[in-house]
Every structure is written in C-alpha cells, then in structure tokens.
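*Asks:* Let me see the structure of the following:
(one chain, ligands or ions: 1)
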Amino acid sequence: MANDLHMTPDEFRAHGHDLVEWIASYVESVGTLPVQSPVQPGEVRAQIPSAPPEDGEPFSALRRDLDEVVLPGITHWGHPGWFAYFPTGASFPSILAEMASAALGAQGMLWSTSPAVTEVETAVMDWLVDLLGLPTTWRMDTGPGGGVLQMSASDSTHTALVVAREQAIADGADPSDLVAYTSAQAHSSVEKGANVAGYRHVRLVDVDDQFGMDPTALSRAVAKDVANGLVPAFLCSAVGTTGTTAVDNIRANAAIATEHGMWHHVDAAYAGSAMVCPEVRHHQDGLELVDSYTFNPHKWLLTNFDCSAFWVADREPLLSAMSILPPYLRNTATDSGEVVDYRDWHVPLGRRFRSLKLWWVLRSYGRSGLQSFIREHLAWAQELDGRLRRHPQWEVIAPTAFALVSFRHVDGDAATDGLVDALNEDGRFLVLGSVIDGRRFVRVSIGSQATRQEHLDELWARIDAYLPSS
Ligand code: PLP
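*Replies:* Numbering: from 1, shown residues only. Below is the predicted model:
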C-alpha cells in the first residue's frame, strides 16, 4: 500500500485548522446569505462529474467545492431569519463534539464495544430527566424506566408502536385487530410508524378549538372500535403539534389508555426542550401516567442533528420486544447482566456516539444557560403574539404555548399567502404558510441560535407595513 494513500496527521492538522476557520466564519456570517437556497433542481448534481475520480484529488479541490458547489445549495437553518418549520439545533460545543466523535469512530452497539459510549449516554439521559422535570422513575439509576438516544422522533415513536404491538399480541390479541390512536393534528410520523409496525387501523381523532386532541372524541372512537371487536393498543398524545404546537391533555388521555390497556406514548419532539423552564411544565402534566416519551434535542436544545431522546417508564417490555442475541454478539459483560446494551433499545444494531454532543452542550450551557436560551425565544414569541393581537389586520389562530406564532390575515387566504411571499422575497427571512381547518395561516417559528431582538423587530416592521394587493 502506498505510503501517501492517506492524509497524514500534519496534513490533517493544516486542513482541519482551515476547516475550523471556515466553520467559525460560516456561523458568523450566515446572516448575509439568503436563508433559502436559490438553486434549481439538478443544478448541484450538474456540477458533480458522473463518475468518481480515478486518482485521489487534493483536499484543496474538495474544500473549494464546499464553497462553490455545496454552499449555494444549502438552505441555512441556522440563519438569524430562520422562522420556518421548527429550529434545528446547532452550537459550537455540539459541533466540536461531532468532530471528536467522528475521530473516535466508536460504534456503541454493545457496552463492550465502547463502554464510554453507553455510560455517557445513560448518564446524560438521567440528567435530562432532572433538567426537564420528567418522572424520576424514568432514570436508569433508579428505574424501572430508562432513556436512549435515537436518530429521530420518528424512530422513537416507531419503537414505541412496536413495543405496544408486541404487548398486545402477548396479551392474546390478533395482530390484525390492533388499533393506534393519535390526533388529527399529530405529526405524520405517528401514522407512518403505525403503518410500518403493521397496524391495520389508525384513527386520527378530532381536535378541539385549540387543536388539542378531544378526549371525548377519543373515548368515542375507542368505544366504537371495542364494540366492533377491535383491540385498542396504542395512543400517542402530543405536547406541541407540528402545525400550531397544540398540547393534548395527557392526564385525560392517560385515563382512557389505562382503562383500555393501551400503550400511551407522548410526542414532544419540538416542545420537549422548553421543559428546561419550569414555568411551561404544566403542558406536560400527567407524564407519570404514560409509557414512553420522545423529544428532540436536535430541534431546540442547541444539539446538532441527529439526536432524539426516548424514554420508557419501564424497560422490561422494550427489551423483551427488541432483544435478540445471536452468538456473534455474545460477550462476558452482556452475560453478566450488569451492563446496558443499547442495541436492545431500538431497531438498528449499530449506533454512533451521539451522547457526546449532548453531554458537551449540557455542560457548556448548564441549566441556567439553556433556560436563558429558551426563555428569550418564549418571550419573543409572546411579544409577536401580542403585537399581532393588537393589530386589526391579523388574527392569531392558536395559543402561543411555546415559540411558534400562528396567524392569518383577516381578509383571508390570498392576503395571508401574500404576507408569506412578501416576507420571504428577499432572502432575509423564511416563514412558512400552512393550512388548518381549511384556511391558510402563517407560521413564525422562533428558535435559531443566531436570531436576535433586531431580527424580530425587522420581521414585525415588515408584517406591520404589509398591505395585501387587492
Ligand atoms: N413529531 C413532531 C411533533 C414534530 O414536529 C416532528 C418534526 O418536526 C416530528 C415528530 C418528526 O421528527 P423527526 O424528524 O425527528 O423524525
């Protein structure tokens, strides 16, 4: 093998320092770029040769294409004018941890394949229980629950659906009779996960006027299914729906889930991060009654994608649904029963060192830093909500429970869509238009690390000055 096949440590040092400089400059100046990538379909692909190079290229060529090919095709989620979808977390401590984790290249499928990957994760998940005010029985060190990191909330919810299915089957149900319930405003990942997990019946339950699941409608739907010989097996409540951050009544839903022996999962993918602030924890009232819970630190907790946290109130049903021990994975530590093997906690076998970035974020910011970060966004959202409510032209269409403000123009859909176009036209901002109850509305989702008061003021100035074209 040629000696010069690999980048040498000295070359890596030089390129690495240059790339760190690039990262810092990118983060510093991202606000000068258009939020949304302007490229047309196929434009990036057209700049990439149809075959890989025969001989290796110098790193300078790769680095040049980062600026020339990649950057124009990036939509900047960390832009100060990012008000679309939900935020995606990013921070320097998290980026540094990603670098360290890539260097270690550890694969933590078993405790024995890198004990630190497992034990840091367990410790960090227990910290989060404390930081977010979750039930203390979800801590691994007290139990009987425990937490694990997954790639996405979709994975976490899918896992919960599989455990619920296995439990129902173990109780004697016919798999084709199982029913999963969630609200009509739930994220599509619930329905998709149910399909993938083999549920033949998925009910999207009606919501109330605040867009939270209506427990009476849930009761009715369950009763009807039971009368028809079906088996209610899974219920997903939301704390912060994707559309408007609506909150389902966990406690009322839990009573129905318990009565019918359903697995009750809570999806707080976005809003879970806000629970570092005790003043919003009333939205998660009743969590001690549920079976599993997910939220995404990669959305609003300064942690780079991917990083989704998942807890079960009791480890046993999860492990019995997910554990398979082929001979090649047997080892003394596993046989001793003294260690956690996270491969038994989700669908994939292999797993990377995600907890390092979460650990570095939690340590770098501390409880108080995380609270300040979230509280600033909550306050800006309340300020925007108030400005809109005081203005005759705008109607806030849902409670601003967290940092998403949902509103429409009183003149209707065309005027509402006109604002979205006007705000997005020069690349300083990106907001989304959506639909609820058959009517268009504007979503302004605050959460980028780079956003400051001045960006909110500029956004408001534009909203205030907007006049729909007749
Ligand atoms: N659940 C809710 C409430 C969401 O808002 C989202 C994404 O925005 C998801 C689930 C899916 O998250 P992920 O992309 O991590 O699968």
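
*Asks:* Contacts for the one helix or strand A252 maps to, please.
*Replies:* Per DSSP states H and E, A252 falls inside helix 250-259. Residues outside helix 250-259 that contact it (C-beta atoms under 8 Å, 6 or more residues apart in numbering) are 213, 215, 218-219, 222, 235, 237, 239, 262-264, 266, 284-287, 289-290. The C-beta positions use only the backbone N, C-alpha and C, and glycine is treated the same way.

*Asks:* Can you flag the buried ones in those?
*Replies:* For the contacts of helix 250-259, a burial check counting by 16 or more other C-beta atoms under 10 Å picks out 213, 215, 218-219, 222, 235, 237, 239, 262-264, 266, 284, 286-287, 289-290.

*Asks:* taking those residues one by one, which sit in helices?
*Replies:* Counting by DSSP state H, these place 215, 218-219, 222 in helices.

*Asks:* Now render those residues as TSV, adding distance to K299 and pLDDT.
*Replies:* Converted to TSV, those look like this (distance: C-beta to C-beta, whole Å; pLDDT from 0 to 100):
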residue	distance to K299	pLDDT
P215	27	97
L218	26	98
S219	31	98
V222	31	98
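
*Asks:* these two touch, right, I436 and F211?
*Replies:* Yes - the criterion here is C-beta atoms under 8 Å, and I436 meets it with F211 at 7.0 Å.

*Asks:* Mind checking which of those two has more residues around it?
*Replies:* Neighbours were counted for I436 and for F211 using other C-beta atoms under 10 Å; F211 has more, 23 against 19.

*Asks:* check contacts around the closest residue to that one other than its chain neighbours.
*Replies:* In space, and not counting its chain neighbours, F211 is closest to A246: 3.7 Å by C-beta to C-beta, 6 or more residues apart in numbering. By C-beta under 8 Å, 6+ apart, A246 lies in contact with 183, 185, 207, 210-212, 238, 240, 398-399, 401.

*Asks:* ok, 10 Å please
*Replies:* Residues near A246 by C-beta atoms under 10 Å, 6 or more residues apart in numbering: 183, 185-186, 207-208, 210-213, 238-240, 271, 398-399, 401, 406, 436.

*Asks:* same deal with A84?
*Replies:* Neighbouring residues of A84 by C-beta under 10 Å, 6+ apart: 35-36, 75, 77, 424, 429-432, 443-445, 448.

*Asks:* hmm, 7 Å instead?
*Replies:* Neighbouring residues of A84 by C-beta atoms under 7 Å, 6 or more residues apart in numbering: 430-432, 445.

*Asks:* Can you tell me which of those has the largest number of neighbours?
*Replies:* In terms of neighbours by other C-beta under 10 Å, the contacts of A84 top out with S445 at 26 neighbours.

*Asks:* Is it in contact with F83, as I believe?
*Replies:* Yes - counting by C-beta atoms under 7 Å, F83 is a contact partner of S445 at 5.5 Å.
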